[in-house]
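>>> Sequence first, then the predicted structure, then my questions.
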Amino acid sequence: MDDRARSYFIAGTEFPAPPLAAGLYVVATPIGNLKDITLRALETLAAAELILCEDTRHSATLLDHYGIRTPRKSLHEHNERARIGEVIASIEAGRAIAQISDAGTPLLSDPGFPLVRAVREANLAVFANPGASALLAALASAGLPTDAFGFVGFLPAKSGARANALAALKARPDTLVFYESPRRLGDALTAMAEALGDRPAAVALELTKRFERVERGTLSELAMHFGAGDTKGEAVILVGGAEDVVVDAADWQAALDEALAAGPLRAAVDDITARFGLKRKEVYDAALARKAEQ
């Protein structure tokens, strides 16, 4: 145990941070507005033995703002697995370790999953400190259905892989949520319009920040809007789910015959399932029956 004062400050007033039980604390941090931090998160970050940060320099803005003096180490995609052993040893020795990402909730398109899995497999405690999330903030403000949604995260950067990933999502009836970098936003929206059809969609930018905005329209309208100029800040793209479509059995079965003639069974089943929005088992059973007839 170090002898530093375990406390944090709000508007110049100091508050003590109670001791923590040993374990890994996965702590959500603001996605923009520094006020979007929970009191529990402040107590946890101040009381922990160590804070694992995606980027220690970036996290310094938040931690210094609240006067948190806990030691920090980096934990990112390039060193996460190398850090696992020392983190587990620290927790086994009775220490509390906090983990944060640059913004929002760790593990959602951010580092953290290999570490959490390893700590759990070592039968050690993992505590979630919920809070800000770009995913949930975008869903709450976009005006698209929220009763069912699927988080996709970042699409592949290469156009071919991106098109394949989108084709597999075409039949999904739930609202789809993507993260995207500003420099690829226009291309991603264009690819979505081509693969998914011209559906209702929204793009959320600079969430919780001064210039926060949510642009709504069809995918083609948004692709034209964001393809025309530079965009700042990470984007959250939300796309309405597929409408119910009645598929003619003769059409997909004929397409299945062509796919089986052109390639292996597994690839044919995957192709027809994605293309027609069918249940994979139905297509797989039909493919097996056709192979048995040959």
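On my side now, so go ahead. All figures in this text were calculated on a predicted structure; none of them were measured in a lab.

>>> Kindly format the C-alpha coordinates of the worst-scoring helix or strand of the chain on mean pLDDT as CSV.
In the chain, the helix or strand scored least confidently by mean pLDDT, DSSP states H and E is helix 265-276, which has a mean of 87. Output in CSV follows, covering the C-alpha atoms of helix 265-276 (Å, rounded to 0.1, in the frame of the first residue of the first chain):
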residue,chain,number,x,y,z
LEU,A,265,-21.7,-26.3,-49.1
ARG,A,266,-20.8,-24.1,-46.2
ALA,A,267,-20.1,-21.1,-48.4
ALA,A,268,-23.3,-21.7,-50.4
VAL,A,269,-25.4,-21.8,-47.2
ASP,A,270,-23.8,-18.7,-45.8
ASP,A,271,-24.4,-16.8,-49.0
ILE,A,272,-28.1,-17.8,-49.4
THR,A,273,-28.8,-17.2,-45.7
ALA,A,274,-27.4,-13.6,-45.9
ARG,A,275,-28.8,-12.8,-49.3
PHE,A,276,-32.4,-13.8,-48.6
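
>>> could you say what helices and strands that helix packs with?
helix 249-262, helix 280-293 (3 or more CB pairs under 8 Å, 6 or more residues apart in numbering; DSSP states H and E). Backbone N, C-alpha and C define where each C-beta goes, glycine included.

>>> and of those, who's closest to residue 117?
The closest of the helices and strands packed on helix 265-276 to residue 117 is helix 280-293. By CB to CB, the value is 27.0 Å.

>>> May I see the buried residues of the closest one?
283, 284, 286, 287, 290 (16 or more other CB atoms under 10 Å).

>>> got a list of what residue 262 touches?
Applying CB atoms under 8 Å, 6 or more residues apart in numbering, we find residue 262 in contact with residue 268.

>>> Residue 33 - how many residues pack around it?
Neighbour count for residue 33, taken as other CB atoms under 10 Å: 13.

>>> typo on my end, residue 89
Residues contacting residue 89 under the criterion other CB under 10 Å number 11.

>>> Now do the helices in this structure.
39-47, 56-65, 80-92, 113-121, 134-142, 159-167, 185-196, 219-227, 249-262, 265-276, 280-293 (DSSP state H).

>>> want to throw these into CSV with distance to residue 99?
Listed next are the helices of the chain as CSV, based on distance: least, CB to CB, whole Å:
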stretch, distance to residue 99
helix 39-47, 10
helix 56-65, 11
helix 80-92, 9
helix 113-121, 7
helix 134-142, 18
helix 159-167, 28
helix 185-196, 29
helix 219-227, 33
helix 249-262, 45
helix 265-276, 36
helix 280-293, 36
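
>>> for those, which one sits closest to residue 202?
Once the helices of the chain are compared by CB to CB, helix 134-142 is nearest, at 3.9 Å.

>>> and of the helices and strands packed on helix 265-276, who's closest to residue 143?
Comparing these by CB to CB, helix 280-293 comes nearest, at 32.1 Å.

>>> quick one, what contacts the nearest residue to residue 174 once chain neighbours are set aside?
Distances taken as CB to CB, 6 or more residues apart in numbering put residue 148 closest to residue 174, at 4.0 Å, once the chain neighbours are dropped. Contacts for residue 148 (CB under 8 Å, 6+ apart) come out as 173, 174, 175, 241.

>>> which residues touch the least confident helix or strand of the chain?
Outside helix 265-276, the residues touching it (CB under 8 Å, 6+ apart) are 167-168, 170-171, 247, 251-252, 255-256, 259-260, 262, 278-280, 283-284, 287-288, 291.

>>> any idea of the angle that helix forms with helix 249-262?
150 degrees (axes from the mean of the first three to the mean of the last three CA atoms, to 10 degrees).

>>> For helix 265-276, buried residues please.
Neighbour counts over helix 265-276 (16+ other CB under 10 Å) mark 268, 269, 270, 271, 272, 273, 274, 275, 276 as buried.

>>> Output those as CSV; include the columns distance to residue 202.
Formatted as CSV, the buried residues of helix 265-276 follow (distance: CB to CB, whole Å):
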residue, distance to residue 202
268, 35
269, 33
270, 30
271, 30
272, 31
273, 28
274, 24
275, 26
276, 27
